[in-house]
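Enquirer: What follows is a predicted protein model with its sequence.
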Amino acid sequence: METLIVTGGGRGIGAAIAERAAERGYRVIVNFATSERGANEVVERIAARGGSARAVAGNVAIEQDVLRMFDVARETFGEVTALVNNAGITGGGARLDELPARTLERVLAVNVSGSVLCAREAVRRMSTRRGGRGGAIVNVSSLAARIGGGGEWIHYALSKGAIDTLTIGLAREVALEGIRVNAVAPGLIDTDIHTTSSIPQRLTTMIPSVPMARAGTADEVAEVVLFLLSPAAAYVTGAIVPVGGGR
């Protein structure tokens, strides 16, 4: 069986990924920083369906929390063979000329440094060069990286641009070490990210910009992630797959 860590797995896209992965036989570590109740509910739903999961607290921006999370995963289910770097924050809506430095620092710490630290630890454990048996990493990016986030959240968009670079660079770096690295780039997805980002009407406002004229769902993103983790994507690495209804 495969052991998967889903960072930010207590709600939204992360929760959907964790639950779909458990249905496919993964043993899942559901990481959370603030959504303890949500993470525990995800674990309970997985257990009720006969799956294996454990909620693990940890801020991915803090190295010691990341190290502990991987240690707990190994002690609970065995060495990690899959990672979904999903944890992220928007920092709220703001023009760049109104952006507090502390907001920028926090967004970069969680979205960029957190993803890099988790990917680093995954490679250390998965790489055949280091005695591992390989694995797969999927980073959760955003169409904001391509669109730019102007007028909304350039700070968030640029952090996701860094995730795209991480995906491409790391995929090439470890391609001969049994590790595939890909990303999904969700567009307008119906989760609570909009209501918690100080732009509560964003979902409704943005739907006209989507060619399919609707928001996507967390489950639709999760299905793409599970494909990229699976053997069906054995020859796919360095890809950034948009899930945005044509936007």
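Expert: Done, it's in.

Enquirer: can you give me the strands for the chain?
Expert: Assigned by DSSP state E, the chain shows strands spanning 3-6, 27-32, 52-57, 82-85, 135-140, 179-186, 240-243.

Enquirer: Redo those strands as JSON lines? Include mean neighbour count.
Expert: Using the backbone N, CA and C atoms, a C-beta is placed for each residue, glycine as well. Output for the strands of the chain, formatted as JSON lines (neighbours: other Cβ atoms under 10 Å):
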{"stretch": "strand 3-6", "mean neighbour count": "29"}
{"stretch": "strand 27-32", "mean neighbour count": "28"}
{"stretch": "strand 52-57", "mean neighbour count": "20"}
{"stretch": "strand 82-85", "mean neighbour count": "28"}
{"stretch": "strand 135-140", "mean neighbour count": "27"}
{"stretch": "strand 179-186", "mean neighbour count": "26"}
{"stretch": "strand 240-243", "mean neighbour count": "19"}
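
Enquirer: in the worst-scoring helix or strand of the chain on mean pLDDT, what counts as buried?
Expert: Using mean pLDDT, DSSP states H and E, helix 202-206 stands out as the lowest-scoring helix or strand of the chain, at a mean of 83. Residues 202-203, 206 are the ones in helix 202-206 that count as buried (16 or more other Cβ atoms under 10 Å).

Enquirer: any idea which of those residues is closest to Asn182?
Expert: Closest to Asn182 out of the buried residues of helix 202-206 is Met206 (25.5 Å), distances taken as Cβ to Cβ.

Enquirer: shouldn't the closest one be in contact with Leu188?
Expert: Yes. With contact defined as Cβ atoms under 8 Å, Met206 counts as touching Leu188 (5.1 Å).

Enquirer: who touches both of the two?
Expert: Listed contacts common to Met206 and Leu188 are Ala215; contacts here mean Cβ atoms under 8 Å, 6 or more residues apart in numbering.

Enquirer: Can you tell me the centre-most residue of the protein?
Expert: The structure's the chain has its C-alpha centroid closest to Asn86; by Cα atoms, centre = their mean the separation is 1.5 Å.

Enquirer: circling back: Serialize the strands of the chain to TSV and add fields for mean pLDDT and distance to Gly114.
Expert: Putting the strands of the chain into TSV (pLDDT from 0 to 100; distance: least, Cβ to Cβ, whole Å) gives the following:
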stretch	mean pLDDT	distance to Gly114
strand 3-6	98	12
strand 27-32	98	10
strand 52-57	98	14
strand 82-85	98	8
strand 135-140	98	11
strand 179-186	98	15
strand 240-243	98	19
